[in-house]
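Asks: Okay, sequence plus prediction incoming.
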Amino acid sequence: MLTRLRNASAAKHETVDMPYSKFKANIAEILKREGYIKDFSAKEAKVGQTLEVTLKYGPNGERSIQGIKRISKPGLRRYAKSDALPMPLGGLGIAIISTSSGLMTQKECLDRGIGGEIVAYVW
């Protein structure tokens, strides 16, 4: 999902489609809430569902997603405690964290005092 968003944003596509999952929908919800994408929706496909993400650009065509990086990978999982949460670009970006209470940003994790698996950085 992250690679599709990165590539579509670099190519200045209006929308990008990908296979649907709850995890991807939760990531899209965080990106929408933080202002990195315009909207997302789940559509029926021939088999299963498709997640359609509408990308967001500035008035002069600037990308709102300048960078997106996967941190925790299947070969090397990365975790952070509540007192050592990452701050991408010194707090200008967001870190998406998978917690026992669902996916949330590092700011929400700090407010609740919980840690979890670091999924990705977005700036």
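Replies: Here it is on my side, so go on. Predicted, not measured: the structure shown is a model, and the values here were computed from it.
Asks: Okay, and the beta partners of the nearest residue to Ser21 once chain neighbours are set aside?
Replies: Closest residue in space to Ser21, ignoring its immediate chain neighbours: Leu51 at 7.7 Å, by CB to CB, 6 or more residues apart in numbering. No exception for glycine: its C-beta is placed from N, CA and C like everyone else's. Counting by DSSP bridges, Leu51 forms beta bridges with Met18, Ala42.
Asks: Tell me how many other residues surround Leu51.
Replies: Under the neighbour criterion other CB atoms under 10 Å, Leu51 is assigned a count of 21.
Asks: quick one: the helices in the protein?
Replies: Counting by DSSP state H, the segments of the chain that form helices are 2-10, 22-33, 106-112.
Asks: follow-up on the earlier one: list the contacts of the residue nearest to Ser21.
Replies: Under the criterion of CB atoms under 8 Å, 6 or more residues apart in numbering, the contact partners of Leu51 comprise 1, 17-21, 24-25, 28, 40-43.
Asks: Go again with 6 Å.
Replies: When contacts are counted by CB atoms under 6 Å, 6 or more residues apart in numbering, Leu51 is found next to Met18, Tyr20, Lys24, Ala42.
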